[in-house]
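Enquirer: After the sequence you'll find the predicted model.
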Amino acid sequence: MKFLTIAASLAVATLSAVSALPVNTSAFQPRALTCPADVLSCSSASSGLDGCCVPSMGLLLLVQQWYQGLGPSNEFTMHGLWPDTCSGGQGPANGCDAARVYTDIDTRLQNYPSTPAGFMDDMNTYWSSYKGDNNAFWAHEWSKHGTCVSTLAPKCSSNYVQDQDVFNYFNTALGLRKQYNLYSVLSGAGINPGSTPNVADMHNAIKAAFGVDAQINCDSGVLSEIWLFFKVNTAGAYVPAEALTRGSCNGAISYPVKSGTIVPTSSVKPTSTTKASTTTTSRTSTSTSTPTGLPEGRQTGSCSTNGATVCVKNGSSNQYSKCVSGTWILNQCKTGLVCNSDTATSTHCA
């Protein structure tokens, strides 16, 4: 089997060939000479194998999201790269290595000597937080998920450089997101934002492009996330794997338009960070009050307090309005969370 380097795999011109091109990265295989050749995680041959050869939590989930106000209008953005057990079990809630739980991911990435020019722009563009604090989002993803990728452990590298594990985690995830470009795949199948596709057609398009199905998740019938599953072999290659479930979407779903700058679909990196904004709809504000007197309801039009947030329905909906640059935009909490009102101008998702 031929395995490509991450740089080579990202240069592939056509998505139709992706299923034959497992992504390869040395980030997950630093001690190649001491590991058996061509053993895949979650296979019988990987049982008992050193966690520096293949991830001990051998099912890696590339989680991409489609949320209003996040990223370019023609790109899915990153939620995370999550190592799971081979049966789909999650890792510890607080991560796998308390000594490598960091709160300053942005500084570590900027100071890492091998961080390429434009990398932080990519992070801010394609891995942005709906809360507006990208560093806190990255710190959460690294501490909970990155520390559980066993092959990233410093002990697995004979010439470990401080924070190479952090950089390799985020660099690998961004590389996978770029190669497994969901927007391009769906658009190529005639499925575009602003439509109400049958989710079965989305499954078919993804399987035709990547050779495996994906987990497609919705929130109240609105597309929210798409999960791609991978196994990793001892050569460091990411090999697409079948999703364990088809997700929470059923029948015709809403694939909403995301306002913002359109990014060219070539391999050229953006040179500056672009934050998306939304266009207000013809719907009027439906502001009411919670039993505690706090406002709720969808807010539209102009606003005066930047950063202010108001739940659409306190305690039961995942949607909230946020004041961004003088205009209310509609945002969503992550899958499984709902909006809760704190004050007249602040909320949290839990």
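Expert: Here it is on my side, so go on. Numbering: from 1, shown residues only.
Enquirer: Which residue ranges of the stretch 201-350 of the chain form strands?
Expert: Assigned by DSSP state E, counting those that start in this stretch, the strands in the stretch 201-350 of the chain fall at 215-219, 222-232, 237-241, 288-289, 295-296, 309-311, 319-324, 327-332, 339-343, 346-349.
Enquirer: Could you give the number of residues near F170?
Expert: 26 (other CB atoms under 10 Å). C-beta coordinates here come from the backbone N, C-alpha and C atoms, glycine included.
Enquirer: Show me how far whichever strand or helix holds it is from its chain's centre.
Expert: Following DSSP states H and E, one finds F170 within helix 164-179. Distance of helix 164-179 from the chain centroid (CA atoms, centre = their mean, to the nearest Å) equals 11 Å.
Enquirer: got the angle between that helix and strand 222-232?
Expert: Following axes from the mean of the first three to the mean of the last three CA atoms, to 10 degrees, one obtains 120 degrees for the angle between helix 164-179 and strand 222-232.
Enquirer: then helix 164-179 to PDB, C-alphas only?
Expert: Coordinates of each C-alpha in helix 164-179 appear next as PDB, following Å, rounded to 0.1, in the frame of the first residue of the first chain:
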ATOM      1  CA  GLN A 164       5.600  19.800  18.900                       C
ATOM      2  CA  ASP A 165       2.800  17.600  20.200                       C
ATOM      3  CA  VAL A 166       0.500  20.600  20.300                       C
ATOM      4  CA  PHE A 167       1.400  21.800  16.900                       C
ATOM      5  CA  ASN A 168       1.200  18.400  15.400                       C
ATOM      6  CA  TYR A 169      -2.300  17.900  16.700                       C
ATOM      7  CA  PHE A 170      -3.700  21.100  15.200                       C
ATOM      8  CA  ASN A 171      -1.700  20.900  12.000                       C
ATOM      9  CA  THR A 172      -2.900  17.300  11.400                       C
ATOM     10  CA  ALA A 173      -6.500  18.300  12.000                       C
ATOM     11  CA  LEU A 174      -6.300  21.300   9.700                       C
ATOM     12  CA  GLY A 175      -4.700  19.200   7.000                       C
ATOM     13  CA  LEU A 176      -7.500  16.600   7.200                       C
ATOM     14  CA  ARG A 177     -10.100  19.300   7.100                       C
ATOM     15  CA  LYS A 178      -8.500  20.700   4.000                       C
ATOM     16  CA  GLN A 179      -8.300  17.300   2.200                       C
END
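Enquirer: after that helix, next one along is what?
Expert: helix 182-188.
Enquirer: now for that next one, which elements pack on it?
Expert: Packing contacts for helix 182-188, counted by 3 or more CB pairs under 8 Å, 6 or more residues apart in numbering; DSSP states H and E, involve helix 199-210.
Enquirer: Give me the mean pLDDT for the helix it packs on.
Expert: Helix 199-210 carries an average pLDDT of 98.
Enquirer: which parts of that helix are buried?
Expert: V199, M202, H203, A205, I206, K207, A209, F210 (16 or more other CB atoms under 10 Å).
Enquirer: Check the offset of it from the chain's centre.
Expert: For helix 199-210 - counting by CA atoms, centre = their mean - the centre lies 19 Å from the chain centre.
Enquirer: Show the residue spans covered by the helices in the stretch 51-200 of the chain.
Expert: 105-111, 119-126, 134-144, 164-179, 182-188, 199-210 (DSSP state H, counting those that start in this stretch).
Enquirer: So which of these is the most surrounded?
Expert: Among these, ranked by average contacts under mean count of other CB atoms under 10 Å, first place goes to helix 164-179 (a mean of 22).
Enquirer: which helices and strands does that one pack with?
Expert: helix 6-10, strand 23-24, strand 59-65, strand 77-84, helix 105-111, helix 119-126, helix 134-144.
Enquirer: Need these in CSV (columns: distance to G251).
Expert: Output for these, formatted as CSV (distance: least, CB to CB, whole Å):
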stretch, distance to G251
helix 6-10, 35
strand 23-24, 33
strand 59-65, 21
strand 77-84, 24
helix 105-111, 39
helix 119-126, 30
helix 134-144, 31
